[in-house]
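Participant: Model the structure of this input:
(one chain, ligands or ions: 1)
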Amino acid sequence: MTTSGASPRISCAFDSGAIEVVADRDAANLSVRLRADSHADFRQWFHFRLQGVRGQSVRIRFLNAGEATYVEGWRGYQVAASYDREDWFRVPTTFDGGELAIAHEPSRDSIYYAYFEPYSWERHLALLGRAEASPRARVRDLGATIEGRDMNLVTVGEEGAGRKSIWVIARQHPGETMAEWFVEGMLERLLDPADPVARRLLERATIHVVPNMNPDGSVRGNLRTNAAGANLNREWQSPSRERSPEVFHVRAAMQAAGVDAFLDVHGDEGLPYVFTDGNERLPTYSPRMAALERGFTDALKGANPDFQTVHGYPADKETKVNLTVASKWVGHTYGGLALTLEMPFKDNADLPDPLRGWSGARSQRLGADSLTALYAMLPSL
Ligand SMILES: [Zn+2]
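Facilitator: Numbers count the residues shown, from 1 in each chain. Take a look at the predicted model:
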């Protein structure tokens, strides 16, 4: 028996793995199909491993990329890859309107490809563990997901009257892994006893963080939905224990604690920019809400030049405001500062990194720097 001339093999039986293999015999002519979310018809996220291709010219075609949920997401997009699951880089990728194709020569026997740098369930649990170990934080159990995973809330700082209640939630859409990288960067800074911004912020505010709103979808490798096929960011007006227990539990905790500021962290498939989407379309939008949004976005621009306010969703994107969306429901219910924050799957076109594109590390920095912006806004909240 010899290993020379062994066929390549594609696999995805691991945390957030997702792909359908069509042909994996010939390294120069591999083909796959994007898999739908486990219980809904969304297709975009992929994460798989290719073995047995060291030094070979690999070409992988995604045959149904033209039928993806966000086809515009493939224009100007480069696939993320890693040999060691730590260092992720981009590989040459083309899109012809129907098929997406990767062409490069791996220098190792095994390589992982993903829509974006993954954020694993194990890393999520380790993040909760670091919070638990800090004297500044509590990790609370809010309830279970549909498949029995834990919905945890990290509360940093003392709780009580006279303190501002700031909420940050991430990864309602599980394929938007940059959102949990963002939260990791923010939590690391909040828990750092040497950080003066965190110390001052925590004198007057309590920060409530839900690092992962969609654990089932994350482990299953879904793009947008939970294990009941629900898009959680359309469940905020009337969440149910049956279809959206994740939102049901978090919304109840928000109602108990109150909300003075709210950030809902996402990734955007199409736009190559970091931006926020505000509440200017709400009928209850007030001059105070406008001033808070402007103050926060100006402060974040100053704290982190990856953030900008030129490119974003058009203000008239939805003529009728959708109160089932988290930041709209929060803005409508509580007034105050309530924003959706979007990071790119591609890169920030204003400050590009051809090697890595937008990345977990850049998301972490943005999360950490968003505390500077929240601190600047604290007197106004
Ligand atoms: Zn999203």
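Participant: distance of the residue in the stretch 51-200 of the chain that the ion sits nearest to from residue 217?
Facilitator: Nearest to the ion in the stretch 51-200 of the chain, going by CB to the ion, is residue 173, at a distance of 3.6 Å. Backbone N, C-alpha and C define where each C-beta goes, glycine included. Residue 173 sits at a distance of 8 Å from residue 217 (criterion: CB to CB, to the nearest Å).
Participant: More neighbours: the two, which one.
Facilitator: When neighbours are counted by other CB atoms under 10 Å, residue 173 and residue 217 differ, and residue 217 comes out ahead with 36 against 25.
Participant: Against residue 217, how distant is the closest residue to residue 215 other than its chain neighbours?
Facilitator: The shortest distance from residue 215 to any non-neighbouring residue, by CB to CB, 6 or more residues apart in numbering, is to residue 149 (4.0 Å). From residue 149 across to residue 217, the span is 10 Å (CB to CB).
Participant: List the contacts of the residue nearest to residue 8 when sequence neighbours are not counted.
Facilitator: By the measure of CB to CB, 6+ apart, the closest residue to residue 8 outside its immediate chain neighbours is residue 52, 4.4 Å from it. Neighbouring residues of residue 52 by CB atoms under 8 Å, 6 or more residues apart in numbering: 6-9, 27, 109.
Participant: cool, residue 149 as well?
Facilitator: Residues touching residue 149, when contacts are defined by CB under 8 Å, 6+ apart, comprise 215-216, 219.
Participant: Sort out which of the residues you listed are in strands and list them.
Facilitator: With strands taken from DSSP state E, there is no overlap with the contacts of residue 149.
Participant: Next, format those as TSV and append pLDDT, neighbour count and distance to the ion.
Facilitator: What follows is these, written out as TSV (pLDDT from 0 to 100; neighbours: other CB atoms under 10 Å; distance: CB to the ion, whole Å):
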residue	pLDDT	neighbour count	distance to the ion
215	98	25	16
216	98	23	16
219	98	22	18
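Participant: Of those, which belong to helices?
Facilitator: Using DSSP state H, the members of those that fall in helices are 215-216, 219.
Participant: can I assume residue 129 sits in a helix?
Facilitator: Yes - assessed with DSSP: H, G, I helix; E, B strand; the rest coil, residue 129 lies in a helix.
Participant: Residue 34 and the ion, how far apart?
Facilitator: With the distance defined as CB to the ion, to the nearest Å, residue 34 ends up 17 Å from the ion.
Participant: That residue reaches residue 64, doesn't it?
Facilitator: Yes - when contacts are counted by CB atoms under 8 Å, residue 34 is listed as touching residue 64 (5.6 Å).
Participant: Get me the contact residues on the stretch 101-250 of the chain for the ion.
Facilitator: 173, 176 (CB under 5 Å from the ion).
Participant: Which parts of the stretch 101-250 of the chain are strands?
Facilitator: Under the criterion DSSP state E, counting those that start in this stretch, the stretch 101-250 of the chain contains strands at 110-114, 137-144, 150-156, 164-170, 205-210.
Participant: tell me the mean pLDDT over stretch 59-74?
Facilitator: Predicted confidence along stretch 59-74 averages 98 (mean pLDDT).
Participant: right, I mislabeled it, should have said stretch 326-342
Facilitator: Across stretch 326-342, pLDDT averages out at 97.
Participant: what's the answer for stretch 300-315, then?
Facilitator: What stretch 300-315 shows for mean pLDDT is 95.
Participant: how would you label residue 350: helix, strand or coil?
Facilitator: The three-state label given to residue 350 by three-state DSSP is coil.
Participant: what's the neighbour count on the nearest residue to it once chain neighbours are set aside?
Facilitator: Of all residues not flanking residue 350 in the chain, residue 308 sits nearest, at 6.0 Å (CB to CB, 6+ apart). Neighbours of residue 308 under the rule other CB under 10 Å: 19.
Participant: Tell me the spacing between residue 308 and the ion.
Facilitator: Taking CB to the ion as the criterion, residue 308 is separated from the ion by 19 Å.
Participant: same check, this time on residue 293
Facilitator: Per CB to the ion, residue 293 is found 19 Å from the ion.
Participant: Show me where the chain has its helices.
Facilitator: If you assign secondary structure with DSSP H, the helices in the chain sit at 121-133, 178-190, 196-204, 215-220, 245-257, 287-303, 326-334, 360-377.
Participant: Relative to residue 90, which of the ones you listed is closest?
Facilitator: helix 360-377 (12.9 Å; CB to CB).
Participant: Give me the buried subset of the contacts of residue 52.
Facilitator: The neighbour-count criterion (16 or more other CB atoms under 10 Å) marks 8, 27 among the contacts of residue 52 as buried.
Participant: From the contacts of residue 52, pick the one nearest the ion.
Facilitator: The shortest gap between the ion and any of those belongs to residue 9, at 32.4 Å (CB to the ion).
Participant: Need the nearest residue in space to the closest one, chain neighbours excluded.
Facilitator: Using CB to CB, 6+ apart and skipping residues adjacent in sequence, the residue nearest residue 9 is residue 51, 5.1 Å away.
Participant: what's the one you found in contact with, if anything?
Facilitator: Residue 51 makes contact with 8-9, 11, 109-110, according to CB under 8 Å, 6+ apart.
Participant: For these, work out which two are farthest apart.
Facilitator: The most distant members of the contacts of residue 51, if one measures by CB to CB, are 11 and 109, lying 13.3 Å apart.
Participant: hey, what's the closest residue to residue 19 other than its chain neighbours bridged with?
Facilitator: Of all residues not flanking residue 19 in the chain, residue 48 sits nearest, at 4.1 Å (CB to CB, 6+ apart). Applying DSSP bridges to residue 48 gives these bridge partners: residue 113.
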